[in-house]
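Asks: pasting the sequence and the predicted model now:
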Amino acid sequence: MIGIDLVSIGEFRRGLEIGGANLARRAFAEAAVPHREVEQLARTWAAKEAVHKPSDAPTHPLSGVMTSPDAPGLLLASLDEQRLAVSLSRTAEYVVAPVMRLEK
């Protein structure tokens, strides 16, 4: 494992309510935000944070972390040349996203 992030869905929801535009701009394509549920956005945020935190380029914006669904509960992610797998788990209150590097 190379990274992990834990997101409180309630705190994430409040963050969107208070500073939604700024928060969303940091990580998401603008068009995606109004069409997605808060839980989906929280899962993607957790995945991007988990990939971004241990990266060699912490100055990249979260929007530079690309994600795509692979299977239920699994996202593929990339940052620069790195290919990563993110396993997503959630409860009613939290999302956890551990990240593992895929072999080249």
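Replies: Great, that's in hand.
Asks: CA atoms for contacts and neighbours, from now on please.
Replies: OK.
Asks: could you find the closest non-adjacent residue to Arg43?
Replies: Val95 (6.1 Å; CA to CA, 6 or more residues apart in numbering).
Asks: and the gap between Asp80 and Ile2?
Replies: Using CA to CA, to the nearest Å, Asp80 is found at 15 Å from Ile2.
Asks: residue contacts, Leu79?
Replies: Applying CA atoms under 8 Å, 6 or more residues apart in numbering, we find Leu79 in contact with 51-52, 64-66.
Asks: any idea how many residues pack against His52?
Replies: Residues lying near His52 (other CA atoms under 10 Å) number 24.
Asks: which stretches of this protein form strands?
Replies: 3-8, 66-71, 74-79, 82-87, 89-90, 94-101 (DSSP state E).
Asks: against which helices or strands is the fourth one packed?
Replies: Here strand 82-87 is seen to pack against strand 74-79, strand 94-101 when contacts are counted using 3 or more CA pairs under 8 Å, 6 or more residues apart in numbering; DSSP states H and E.
Asks: the longest one: how far from the chain's middle?
Replies: Relative to its chain's centre, strand 94-101 lies at 9 Å (CA atoms, centre = their mean, to the nearest Å).
Asks: please apply the same query to the shortest one.
Replies: Centroid displacement of strand 74-79 relative to its chain, using CA atoms, centre = their mean, is 9 Å.
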